[in-house]
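1. Fold the following.
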Amino acid sequence: MALSSIRKLTNGGVVALWSITETEPELIQQLNPGPTESAHLESIKSEQRRLHWLAGRLLAAQFLPNFHQISYSESGKPYTPGESSPFSIAHSASMAAFSMAPLPNGIDIELITPRIRKVTTKYLNQVELLQVGDNTTDDTLYIYWCAKEAIVKWSGDRTIDFKKQITISLTQATKKQGDIKASFESQFQSFDLLLHYEKIDNYMLVYTIN
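-> A predicted model of the protein is given here:
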(Lines give C-alpha, C1' and ligand atoms only; values in the text may rest on other atoms or scores of the structure.)
Protein backbone atom coordinates (compact mmCIF):
# COMPACT_ATOMS: atom_id res chain seq x y z
CA MET A 1 0.00 0.00 0.00
CA ALA A 2 3.03 2.23 0.56
CA LEU A 3 2.56 5.82 1.75
CA SER A 4 -0.95 5.90 3.19
CA SER A 5 -1.36 9.49 4.42
CA ILE A 6 0.37 12.82 5.00
CA ARG A 7 -0.77 15.41 7.56
CA LYS A 8 0.53 18.97 7.42
CA LEU A 9 0.64 20.56 10.88
CA THR A 10 0.00 24.16 11.88
CA ASN A 11 3.49 24.34 13.42
CA GLY A 12 5.02 23.84 9.98
CA GLY A 13 5.61 20.16 10.56
CA VAL A 14 4.40 17.05 8.83
CA VAL A 15 3.24 13.59 9.90
CA ALA A 16 3.21 10.68 7.48
CA LEU A 17 2.10 7.06 7.75
CA TRP A 18 3.10 3.94 5.84
CA SER A 19 0.90 0.83 5.80
CA ILE A 20 3.25 -2.10 5.35
CA THR A 21 1.70 -4.53 2.90
CA GLU A 22 4.82 -5.11 0.81
CA THR A 23 7.25 -7.99 1.10
CA GLU A 24 10.82 -7.33 2.18
CA PRO A 25 12.19 -7.63 -1.41
CA GLU A 26 9.58 -5.14 -2.61
CA LEU A 27 10.55 -2.62 0.09
CA ILE A 28 14.25 -3.11 -0.68
CA GLN A 29 13.58 -2.46 -4.36
CA GLN A 30 11.80 0.80 -3.51
CA LEU A 31 14.47 1.97 -1.08
CA ASN A 32 17.52 0.91 -3.12
CA PRO A 33 19.77 0.93 -0.03
CA GLY A 34 23.45 1.75 -0.24
CA PRO A 35 26.24 -0.53 1.05
CA THR A 36 26.09 0.80 4.62
CA GLU A 37 22.32 0.48 4.77
CA SER A 38 22.40 -3.00 3.28
CA ALA A 39 24.94 -4.13 5.87
CA HIS A 40 22.79 -2.73 8.67
CA LEU A 41 19.69 -4.41 7.25
CA GLU A 42 21.47 -7.76 7.16
CA SER A 43 22.39 -7.35 10.83
CA ILE A 44 18.71 -7.16 11.86
CA LYS A 45 17.65 -10.69 12.74
CA SER A 46 13.88 -10.19 13.10
CA GLU A 47 11.89 -10.18 9.86
CA GLN A 48 9.34 -7.73 11.27
CA ARG A 49 12.06 -5.38 12.48
CA ARG A 50 13.56 -5.40 8.98
CA LEU A 51 10.18 -4.48 7.51
CA HIS A 52 9.84 -1.68 10.10
CA TRP A 53 13.32 -0.37 9.32
CA LEU A 54 12.68 -0.36 5.57
CA ALA A 55 9.28 1.33 5.87
CA GLY A 56 10.70 3.95 8.21
CA ARG A 57 13.47 4.74 5.74
CA LEU A 58 11.00 4.97 2.88
CA LEU A 59 8.90 7.43 4.88
CA ALA A 60 11.98 9.51 5.60
CA ALA A 61 12.84 9.44 1.90
CA GLN A 62 9.68 11.45 1.19
CA PHE A 63 11.00 14.43 3.17
CA LEU A 64 14.76 14.12 3.76
CA PRO A 65 17.19 14.62 0.87
CA ASN A 66 19.90 12.80 2.84
CA PHE A 67 17.74 9.93 4.06
CA HIS A 68 20.42 7.40 3.07
CA GLN A 69 22.63 8.97 5.75
CA ILE A 70 20.30 8.62 8.74
CA SER A 71 22.31 7.95 11.89
CA TYR A 72 21.33 7.57 15.53
CA SER A 73 22.63 9.34 18.61
CA GLU A 74 23.68 7.39 21.70
CA SER A 75 20.13 7.84 23.02
CA GLY A 76 18.67 6.45 19.79
CA LYS A 77 17.45 9.73 18.31
CA PRO A 78 17.66 9.76 14.48
CA TYR A 79 19.42 12.52 12.57
CA THR A 80 21.04 13.19 9.22
CA PRO A 81 24.19 15.26 8.57
CA GLY A 82 23.30 18.85 7.72
CA GLU A 83 19.56 18.37 8.25
CA SER A 84 18.15 21.30 10.24
CA SER A 85 14.63 19.96 10.80
CA PRO A 86 14.40 17.37 13.61
CA PHE A 87 12.43 14.23 12.84
CA SER A 88 11.11 11.12 14.56
CA ILE A 89 10.23 7.60 13.40
CA ALA A 90 7.94 4.98 14.98
CA HIS A 91 6.48 1.63 13.97
CA SER A 92 4.22 -1.13 15.24
CA ALA A 93 2.89 -4.29 13.63
CA SER A 94 2.09 -3.31 10.00
CA MET A 95 2.36 0.48 10.38
CA ALA A 96 5.24 2.96 10.33
CA ALA A 97 5.02 6.66 11.21
CA PHE A 98 7.24 9.69 10.60
CA SER A 99 7.15 13.26 11.91
CA MET A 100 9.28 16.28 11.08
CA ALA A 101 8.99 19.87 12.32
CA PRO A 102 11.08 23.03 12.69
CA LEU A 103 11.49 22.25 16.42
CA PRO A 104 12.18 18.98 18.27
CA ASN A 105 9.30 16.55 17.89
CA GLY A 106 8.29 13.03 18.74
CA ILE A 107 5.85 10.44 17.43
CA ASP A 108 4.63 7.01 18.46
CA ILE A 109 2.19 4.50 17.03
CA GLU A 110 1.03 1.28 18.65
CA LEU A 111 -1.29 -1.58 17.76
CA ILE A 112 -4.06 -1.61 20.37
CA THR A 113 -4.22 -4.90 22.30
CA PRO A 114 -5.39 -5.85 25.81
CA ARG A 115 -1.79 -6.52 26.90
CA ILE A 116 -1.44 -2.82 27.78
CA ARG A 117 -3.39 -3.54 30.98
CA LYS A 118 -0.56 -5.74 32.29
CA VAL A 119 1.84 -2.76 32.50
CA THR A 120 -0.51 0.09 33.45
CA THR A 121 1.00 0.69 36.89
CA LYS A 122 4.50 0.75 35.40
CA TYR A 123 3.92 3.91 33.37
CA LEU A 124 0.92 5.71 34.91
CA ASN A 125 1.47 7.79 38.05
CA GLN A 126 -1.13 8.33 40.76
CA VAL A 127 -2.53 11.49 39.14
CA GLU A 128 -3.06 9.64 35.86
CA LEU A 129 -4.52 6.55 37.51
CA LEU A 130 -7.16 8.77 39.09
CA GLN A 131 -7.90 10.27 35.67
CA VAL A 132 -8.41 6.94 33.92
CA GLY A 133 -10.48 5.37 36.72
CA ASP A 134 -11.54 1.73 36.90
CA ASN A 135 -13.56 1.56 33.68
CA THR A 136 -11.01 2.89 31.24
CA THR A 137 -10.62 1.46 27.74
CA ASP A 138 -7.57 0.01 26.02
CA ASP A 139 -7.71 3.00 23.65
CA THR A 140 -7.30 5.44 26.53
CA LEU A 141 -4.43 3.48 28.07
CA TYR A 142 -2.61 3.56 24.73
CA ILE A 143 -3.08 7.33 24.46
CA TYR A 144 -1.11 7.70 27.69
CA TRP A 145 1.54 5.19 26.64
CA CYS A 146 2.04 6.64 23.15
CA ALA A 147 2.11 10.20 24.50
CA LYS A 148 4.90 9.31 26.91
CA GLU A 149 6.85 7.51 24.19
CA ALA A 150 6.46 10.53 21.90
CA ILE A 151 7.76 12.83 24.65
CA VAL A 152 10.79 10.59 25.18
CA LYS A 153 11.54 10.81 21.46
CA TRP A 154 10.97 14.58 21.56
CA SER A 155 13.53 14.89 24.36
CA GLY A 156 16.04 12.41 22.98
CA ASP A 157 16.57 11.01 26.48
CA ARG A 158 15.80 7.31 26.87
CA THR A 159 16.49 7.41 30.62
CA ILE A 160 13.30 9.37 31.38
CA ASP A 161 11.13 7.89 34.11
CA PHE A 162 7.61 7.59 32.66
CA LYS A 163 5.91 7.81 36.05
CA LYS A 164 8.04 10.43 37.79
CA GLN A 165 8.94 12.85 35.01
CA ILE A 166 5.91 12.87 32.69
CA THR A 167 2.30 13.64 33.62
CA ILE A 168 -0.43 13.52 31.00
CA SER A 169 -3.60 15.56 31.36
CA LEU A 170 -6.38 13.86 29.43
CA THR A 171 -9.85 15.03 30.40
CA GLN A 172 -11.73 13.49 27.48
CA ALA A 173 -10.67 10.43 25.51
CA THR A 174 -14.00 9.31 24.10
CA LYS A 175 -13.36 10.76 20.66
CA LYS A 176 -11.21 9.14 17.99
CA GLN A 177 -8.87 12.13 18.02
CA GLY A 178 -8.03 15.10 20.20
CA ASP A 179 -5.28 17.08 21.91
CA ILE A 180 -3.35 16.19 25.05
CA LYS A 181 -1.60 18.42 27.55
CA ALA A 182 1.51 17.10 29.25
CA SER A 183 4.11 18.29 31.72
CA PHE A 184 7.66 17.03 31.61
CA GLU A 185 10.25 17.51 34.34
CA SER A 186 13.85 17.27 33.19
CA GLN A 187 16.88 17.42 35.44
CA PHE A 188 17.11 21.19 35.12
CA GLN A 189 13.71 22.57 34.07
CA SER A 190 10.08 21.78 33.35
CA PHE A 191 8.18 21.89 30.06
CA ASP A 192 4.54 22.07 29.07
CA LEU A 193 3.81 20.14 25.90
CA LEU A 194 0.86 19.76 23.57
CA LEU A 195 0.29 16.51 21.68
CA HIS A 196 -2.35 15.15 19.34
CA TYR A 197 -3.81 11.65 19.45
CA GLU A 198 -5.72 9.84 16.72
CA LYS A 199 -7.11 6.32 16.49
CA ILE A 200 -6.54 4.86 13.04
CA ASP A 201 -8.21 1.48 12.52
CA ASN A 202 -6.82 -0.51 15.48
CA TYR A 203 -3.77 1.69 16.06
CA MET A 204 -3.17 4.66 18.34
CA LEU A 205 -1.07 7.47 16.89
CA VAL A 206 0.27 10.29 19.09
CA TYR A 207 2.66 13.09 18.15
CA THR A 208 3.89 16.40 19.59
CA ILE A 209 2.49 19.58 18.06
CA ASN A 210 4.45 22.34 19.85
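
2. quick one: Lys122 from Ser19, how far?
-> 30 Å (C-beta to C-beta, to the nearest Å). Backbone N, C-alpha and C define where each C-beta goes, glycine included.

3. So which of those two has more stuff around it?
-> Neighbour tally, Lys122 and Ser19, criterion other C-beta atoms under 10 Å: the higher count belongs to Ser19, 17 against 9.

4. Could you pull up the residues touching the more buried one?
-> Met1, Ala2, Ser4, Ser94, Met95 (C-beta atoms under 8 Å, 6 or more residues apart in numbering).

5. tell me the contacts of Gly82?
-> Contacts of Gly82 (C-beta under 8 Å, 6+ apart): Asn66.

6. and what of the one 5 residues further on?
-> When contacts are counted by C-beta under 8 Å, 6+ apart, Phe87 is found next to Ala60, Phe63, Leu64, Pro78, Tyr79, Phe98, Ser99, Met100, Ala101, Asn105.

7. Surely the fifth one and Ser71 touch.
-> Yes: the pair formed by Tyr79 and Ser71 meets the contact definition of C-beta atoms under 8 Å, at 6.0 Å.

8. picking that back up, sitting in strands, which of the contacts of Phe87 do you find?
-> The strands in this structure, assigned by DSSP state E, contain Pro78, Tyr79, Phe98, Ser99, Met100 from the contacts of Phe87.

9. do you know how far the residue nearest to the third one when sequence neighbours are not counted is from Ala96?
-> Spatially, and ignoring its direct neighbours in sequence, Phe98 is nearest to Leu59 (3.8 Å; C-beta to C-beta, 6 or more residues apart in numbering). Computed as C-beta to C-beta, the Leu59 to Ala96 distance reads 6 Å.
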